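> build me a model from this:
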Amino acid sequence: MIINGKKIAEDIVFKLQFLEKPQKSLAAILVGKNSQSESFLKQKEKIANQLGIKFILLRLSEEISEFEIIKELEKLNKDDSVGGIILQLPLPEKFKKENIISSISPLKDIDALTEESRKIINPLVVEVVNDILAYLNISITDRVLAVVGRGFLIGAPLLDFFKNKFLKMIAMNSKSDINLIKDADIIISGTGKAGLIKTDILKNNAVVIDFGYSLVNGKLKGDFLEDGDLKNISYTPTPGGTGPILVAEIYKNFYKLNKNPA
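Numbering: from 1, shown residues only. Here you go, the predicted model:
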């Protein structure tokens, strides 16, 4: 079964249209040039237009200093007309992302990138997983979860949020044996290693939620290799899987931060 991320995302946006619209703008900062980031930002702006929310994109040169980026964030923090801030990641390697991220006000941190922000709203990846589990009508208390990769944006927040919620959780890093996932009912991956997860090591009725992406011969590929016997597996395709839901969840968080619960 292919998990239709576009359909899930459309349902989220449809429901938001019936809520009182925040009378504030959503601001995004892009540092340097990155074709994938540009593509993601276009998707985010498209949903903003659909909901009638003003979307502001600040493009900053890669030559800018860390101090200057923080100054721009502080301006947005103080601007009452701005209801949410997106710092488009990844940043160019020369910057220390922790210093910059910590400068975003928790009251405007749409992505919930810091511990303080996560006291107010959930990280986007957590909400995406919750959306998919609800879509599949899956109870997790008797299931085994494998999280492949412990990265800042995907693995780490998922491991933190779902701790003790599953029957068992397998946390895997780059040195882990990939065959550990053979015992998992639900596999969540975000490594960016195309084709890392293959059907022949998955149990029947496994669910694969794939946040990984990389370009292979100019085509976007996920961590999950969509090949082999797929009839007893539910999975998110790449593209069209978790990506659209992530974008929709940005706006659910935007509404929540601006006192309109989604």
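> output stretch 190-207 as PDB, nothing but the C-alphas.
In PDB, the C-alpha atoms belonging to stretch 190-207 read as follows (Å, rounded to 0.1, in the frame of the first residue of the first chain):
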ATOM      1  CA  GLY A 190      15.800   9.900   7.500                       C
ATOM      2  CA  THR A 191      19.400   9.200   6.500                       C
ATOM      3  CA  GLY A 192      19.500  10.500   2.900                       C
ATOM      4  CA  LYS A 193      21.100   7.200   1.700                       C
ATOM      5  CA  ALA A 194      19.100   6.200  -1.300                       C
ATOM      6  CA  GLY A 195      17.900   2.600  -1.300                       C
ATOM      7  CA  LEU A 196      19.200   1.800   2.100                       C
ATOM      8  CA  ILE A 197      16.100   0.000   3.100                       C
ATOM      9  CA  LYS A 198      15.100  -2.900   0.900                       C
ATOM     10  CA  THR A 199      11.900  -5.000   0.900                       C
ATOM     11  CA  ASP A 200      13.700  -8.300   1.500                       C
ATOM     12  CA  ILE A 201      14.600  -7.400   5.100                       C
ATOM     13  CA  LEU A 202      11.200  -6.200   6.100                       C
ATOM     14  CA  LYS A 203       8.500  -8.300   7.900                       C
ATOM     15  CA  ASN A 204       5.100  -8.700   6.400                       C
ATOM     16  CA  ASN A 205       2.700  -5.800   7.000                       C
ATOM     17  CA  ALA A 206       5.700  -3.500   7.900                       C
ATOM     18  CA  VAL A 207       5.100   0.300   7.600                       C
END
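> next, the buried residues of it.
Neighbour counts over stretch 190-207 (16 or more other Cβ atoms under 10 Å) mark 190-194, 196-197, 199, 202, 206-207 as buried. Every C-beta, even on glycine, is put in place using the N, C-alpha and C of the backbone.
> repeat that for stretch 83-96.
83-89, 91, 95.
> again with stretch 216-232
In stretch 216-232, counting by 16+ other Cβ under 10 Å, buried: 221-224, 226.
> among the residues you listed, which two are most distant?
Distance extremes for the buried residues of stretch 216-232: the farthest pair is D223 and E226 at 10.6 Å, using Cβ to Cβ.
> show me the shaky parts of this protein.
260-262 (pLDDT under 70).
> confirm that K7 lies within a helix, as I assumed.
Yes - assessed by DSSP: H, G, I helix; E, B strand; the rest coil, K7 belongs to a helix.
> tell me the spacing between it and G240.
10 Å (Cβ to Cβ, to the nearest Å).
> likewise L158?
21 Å.
> and I2, by the same measure?
8 Å.
> which one of K7 and G240 has more residues nearby?
The residue with more neighbours, out of K7 and G240, is G240; 16 against 12, by other Cβ atoms under 10 Å.
> need the strands for the stretch 151-262 of the chain, in chain order.
168-172, 186-189, 207-210, 214-216, 219-221, 234-235 (DSSP state E, counting those that start in this stretch).
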